[in-house]
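Asker: Fold the following.
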Amino acid sequence: MYKNKKIIVLVPARGGSKTIPYKNIKLLCQKPLIAWTLDLVKEIPEIDKVVVSTDDVNISIVSQYFGADVVKRPDQLSTDDSMPIDVVKHTMNVIKEQEETYDIMLYLEPTSPLRSKEDIYDCLDLLIENNQGYTSVATFSIAELNPIRAWALEGTSPKTFIEH
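Answerer: Numbers count the residues shown, from 1 in each chain. Got it, this is the predicted structure:
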């Protein structure tokens, strides 16, 4: 509990990445990618529960090894076109069925392993202490390259990343 608010962390991690299969459990500096997020939230004692939403048994095993509970995600929420809000709603419904309630949900994608405890505390403080009435917050960083100057590959052909 942080400042009288019960907090749950949701880490979405589907198994079907097409660009990098099993990216969420690929090793990054000798540790599975998802473990960077799970280890970080273990360092924050005020977090009441950590849940990984996944459709994949291997991701489930790794997540449980690193201390997370797992919510089995239905196949229809595990496609390339699935919306994050639907994953959040599904997880909230599962938690509600378990008769648990939380004041704040942190949605932490495993593909952002460089976040810090300070980032998380800053976001929590914005939500809790702010007089602006925020219902959500997000973190951003300044891009090193303007996307208008970036390129993408389509097959073997370069194409501008953003048409202008």
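Asker: Just want the most central residue of this protein.
Answerer: residue 109 (2.0 Å; CA atoms, centre = their mean).
Asker: Return the residues in contact with that one.
Answerer: Counting by CB atoms under 8 Å, 6 or more residues apart in numbering, residue 109 makes contact with 11-12, 37. Every C-beta, even on glycine, is put in place using the N, C-alpha and C of the backbone.
Asker: and the residues you listed, which of them are in strands?
Answerer: Residues of these located in strands (DSSP state E): 11-12.
Asker: and which of the contacts of residue 109 is nearest residue 80?
Answerer: residue 12 (13.5 Å; CB to CB).
Asker: Does the closest one touch residue 83 like I think?
Answerer: No. The criterion here is CB atoms under 8 Å, and residue 12 misses it with residue 83 at 10.8 Å.
Asker: which one of those two has more residues nearby?
Answerer: It is residue 12, of residue 12 and residue 83, that has more neighbours when counted by other CB atoms under 10 Å, with 23 against 10.
Asker: still on that earlier bit, turn the contacts of residue 109 into a markdown table, columns for distance to residue 153 and pLDDT.
Answerer: Converted to a markdown table, those look like this (distance: CB to CB, whole Å; pLDDT from 0 to 100):
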| residue | distance to residue 153 | pLDDT |
| --- | --- | --- |
| 11 | 29 | 98 |
| 12 | 26 | 97 |
| 37 | 29 | 98 |
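Asker: from the contacts of residue 109, which single one is nearest residue 94?
Answerer: Of these, the one sitting nearest to residue 94 (CB to CB) turns out to be residue 12, at 13.2 Å.
Asker: gap between that closest one and residue 136?
Answerer: Using CB to CB, to the nearest Å, residue 12 is found at 16 Å from residue 136.
Asker: likewise residue 124?
Answerer: Per CB to CB, residue 124 is found 12 Å from residue 136.
Asker: Neighbour count: these two, which is higher?
Answerer: residue 124 (20 against 10).
Asker: Tell me if that one really is in a strand.
Answerer: No. Assessed with DSSP: H, G, I helix; E, B strand; the rest coil, residue 124 is helix; it does not lie in a strand.
Asker: these two touch, right, it and residue 6?
Answerer: No. At 11.8 Å, residue 124 and residue 6 do not qualify as touching, with contact defined as CB under 8 Å.
Asker: anything in contact with each of those two?
Answerer: residue 104.
Asker: neighbours of the nearest residue to residue 102 once chain neighbours are set aside, just the number please.
Answerer: Spatially, and ignoring its direct neighbours in sequence, residue 102 is nearest to residue 8 (4.2 Å; CB to CB, 6 or more residues apart in numbering). Counted with other CB under 10 Å, the neighbours of residue 8 add up to 21.
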